[in-house]
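J.: Turn this into a structure:
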Amino acid sequence: MGRVPAYVLALAVSLLSAMSVARAHETGHDIFSRILRRSRKALRWRTHLTFEPLADVAGGRRRGVTWVAAAAAGAELRTGPFGGWQGGKIDLQVMGLLRGLPRESHLVGDAQGASNLYNSFSFLRLITLSYRQRIAGHLLARGGIMDVNSYFDTSAPASDLVNSSFGMTPTLTVNVPLTPTAPYTGWGGIVRGGPSSGRWRVGLFAGDPPAHGTVTHQGFFAIAEWQSRTARHQRLKIGAWAYHNPEGPAQGGLASPRSTNGLYGIWESHHRRLRPQHLRWGWFVETGLNLGQVNPILYYVGVGFRLRGFPGLAPRTSLTAGVAHAGLREHPAETAWEVAWDDHLPRGLIVEPDIQYIMHPSGIYANAVVLLLRLRKNF
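T.: Numbering: from 1, shown residues only. This next block holds a predicted model:
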């Protein structure tokens, strides 16, 4: 089945299973009016544009400047207000990326990735097409084309840092040939249960995420996570994952094996107030351990903090600092120090200057100084 038919089929199945058939005596005008009224409550749109120049001003593979531009548009539709299943929701997102030359990896050359926005190619791709259904109480299920990092291995206090390791542990993203995360989102299913004080979730994804037309014969990526509150404003997350693809990586030139697995953990604190300044602060500790026999990254440790609530500035404006340390198999460890200022301005404009000092990029290059400026507009 080709990509377009697969998308159309998935959307049609979601709509037909979630929405009730209109009553036979209703006219077309009645149906349209009812949909229009309810869509104001049930439908939410989100769009954003991002532009980010990056400069390697010292060290790395070589000095230079590059850039990337991205656009994303998405919508979520709750089915309950339309007379469909209560607790149901359809998510849709499309993303496009345009990058300049040279590639970021040809400048910095680090294993972890100085920016989570860069990719090796430009693309326009369907990122999300999924249906979520709340079954009973805290139990819910989700299926379709999804980004695994939207639900697993995430740290809120680290979310304003742009180095890729703060988005998902590199023992997973680097060692798995194609992790089912943007832009390689793939078919999968997730089940979640339990209250926030003791929540669990498990997920199963296709082993070749870019192949949206093939689901069952390309291996698998499985992940499970348990989350608990250890104290007020604190959370502990422990996860395990496994990857297997008998046909090997979808792209050549990757050193990752056909099968691998690992563990990760996150301990974080949210929104504690500092008196008398009334600043809100949070901190995080991230760890990752790879259990495979042959993998580029053996272990990972990341720590950092975030400050919010500066007087006279938007509530979400923040100062974040962190360090990401990755143990490499055949070379000295790579360590990235990062400081980011995330300034939320009026009219949905976000300006984020970022500076990183990366020690031993990929274990073989000179220490690098990287400057980034992320400009984002939300609509």
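J.: Find the residue at the geometric middle of this protein.
T.: The residue lying closest to the centre of the chain (C-alpha atoms, centre = their mean) is N149, at 3.9 Å.
J.: A strand includes that residue, no?
T.: No. Assigned with DSSP: H, G, I helix; E, B strand; the rest coil, N149 falls outside any strand and is helix.
J.: what's near enough to touch the residue nearest to it when sequence neighbours are not counted?
T.: Spatially, and ignoring its direct neighbours in sequence, N149 is nearest to T181 (4.4 Å; C-beta to C-beta, 6 or more residues apart in numbering). Yep, even glycine has a C-beta here, placed from its N, CA and C like the rest. When contacts are counted by C-beta atoms under 8 Å, 6 or more residues apart in numbering, T181 is found next to D147, V148, N149, M168, T173.
J.: if we go to 7 Å?
T.: The contact partners of T181, by C-beta atoms under 7 Å, 6 or more residues apart in numbering, come to D147, V148, N149, M168.
J.: SS state for the residue nearest to the second one when sequence neighbours are not counted?
T.: Nearest residue to V148 in three dimensions, chain neighbours excluded: P180, at 4.7 Å (C-beta to C-beta, 6+ apart). Classification of P180 using three-state DSSP returns coil.
J.: what about H271, which helix or strand?
T.: Mapping H271 onto the secondary structure by DSSP states H and E places it in strand 259-274.
J.: which residues sit against that strand?
T.: Contacts of strand 259-274 (C-beta under 7 Å, 6+ apart): 153, 155-157, 169, 171-172, 175-176, 233-244, 280-292, 295.
J.: how near is G194 to F152?
T.: For G194, the distance to F152 (C-beta to C-beta, to the nearest Å) stands at 15 Å.
J.: circling back: the strand holding H271: partners in the sheet, and parallel or antiparallel?
T.: Pairing partners of strand 259-274, with direction, according to DSSP bridges: strand 234-244 (antiparallel), strand 279-290 (antiparallel).
J.: Just put the ones you listed in CSV and tack on mean neighbour count and distance to G327.
T.: Shown next, in CSV, are those (neighbours: other C-beta atoms under 10 Å; distance: least, C-beta to C-beta, whole Å):
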stretch, mean neighbour count, distance to G327
strand 234-244, 18, 18
strand 279-290, 21, 9
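J.: Put together a markdown table for the ones you listed, with distance to L161 on each row.
T.: Output for these, formatted as a markdown table (distance: least, C-beta to C-beta, whole Å):
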| stretch | distance to L161 |
| --- | --- |
| strand 234-244 | 17 |
| strand 279-290 | 10 |
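J.: who wins for proximity to Q112 among those strands?
T.: With C-beta to C-beta, the closest approach to Q112 among the strands paired with strand 259-274 belongs to strand 279-290: 11.1 Å.
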